[in-house]
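Q: Test case, fold it:
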Amino acid sequence: MAGRHYDEWQVGDRIVHDIRRTVTETDNLLFTTMTHNPQPLHLDAEAAKASEFGQILVNGTFTFALMVGLSVGDTTLGTLVANLGYDKLVMPKPVFIGDTLRAETEVHELKDSRSRPEAGIVTFAHRLLNQRDEVVCQCLRTALLKRRVA
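A: Numbering: from 1, shown residues only. Okay, here's the model as predicted:
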């Protein structure tokens with residue numbers, strides 16, 4: 001287990017996650033077809049070439065999922081009770097096939113659970129950056145985490 005328990009976090013804790021990921025055409029194609037997203041910008045090279053981007057645009061829900069996935073090992077692996085929600089999701093820059101992405105996380109808020117004394121609520125601020133250090137996705141993730149067993 002690499003994730004931390006609720007009582008091991010402090011507001012302002014910051015993690016630069018070690019795992020990076022270069023997005024492949026297969027990643028984008030499989031994710032887009034698995035989720036039944038027919039958007040030509042993700043699937044049709046000619047339509048994408050004619051767009052303002054001039055190339056295939058990586059599916060934004062893949063980008064979001066990758067950001068959260070890159071963070072899990074250091075944040076909630078083995079300590080998560082449940083993800084409670086995501087908020088303030090934005091994608092300020094596009095992601096293209098071949099971009100290499102990395103994630104950073106900062107603890108935004110901590111709150112004791114009123115209904116579960118054995119757990120607490122952590123709000124993480126996740127950011128995903130490309131190889132040019134441009135933020136391509138960010139959100140707040142609220143998670144219910146176990147406390148350490150005394």
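Q: How about residues contacting the longest helix along the chain?
A: When the chain is parsed with DSSP state H, its longest helix is helix 60-75. By C-beta atoms under 8 Å, 6 or more residues apart in numbering, the surrounding residues in contact with helix 60-75 are 2-4, 15, 17, 19-21, 23, 27-28, 31-32, 35, 37, 89, 91, 95, 101-103, 105, 124, 126-128, 136-139, 141, 143. Any C-beta I mention is one placed from the backbone N, CA and C, and that applies to glycine too.
Q: And stretch 6-24, by the same measure?
A: Contacts for stretch 6-24 (C-beta under 8 Å, 6+ apart): 58, 62-63, 66, 70-71, 73-75, 79, 95-110, 119-122, 145-148.
Q: Go through that stretch and flag the buried ones.
A: For stretch 6-24, burial by neighbour count (16 or more other C-beta atoms under 10 Å) applies to 6, 9, 13, 15, 17, 21, 23.
Q: again, but for stretch 76-92
A: Buried-residue list, stretch 76-92, by 16+ other C-beta under 10 Å: 76, 79-81, 91.
Q: Among the residues you listed, which ones are in strands?
A: 80-81 (DSSP state E).
Q: all strands in this protein, in order from the N-terminus.
A: 14-22, 80-90, 100-112, 119-129, 135-146.
Q: now these as CSV including distance to residue 51 and mean pLDDT?
A: CSV is the format used below for the strands of the chain (distance: least, C-beta to C-beta, whole Å; pLDDT from 0 to 100):
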stretch, distance to residue 51, mean pLDDT
strand 14-22, 22, 97
strand 80-90, 20, 98
strand 100-112, 21, 98
strand 119-129, 22, 98
strand 135-146, 17, 98
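Q: Next, count neighbours for residue 95.
A: When counting by other C-beta atoms under 10 Å, one arrives at 22 neighbours for residue 95.
Q: was I right about it contacting residue 130?
A: Yes - Residue 95 is within contact range of residue 130, at 6.8 Å (criterion: C-beta atoms under 8 Å).
Q: shared neighbours of these two, anything?
A: 101, 136.
Q: Out of the strands of the chain, the one nearest residue 52 is which?
A: Among the strands of the chain, strand 135-146 comes nearest to residue 52, with 16.5 Å by C-beta to C-beta.
Q: what's the closest one packed up against?
A: Judged by 3 or more C-beta pairs under 8 Å, 6 or more residues apart in numbering; DSSP states H and E, strand 135-146 is in contact with helix 60-75, strand 80-90, strand 119-129.
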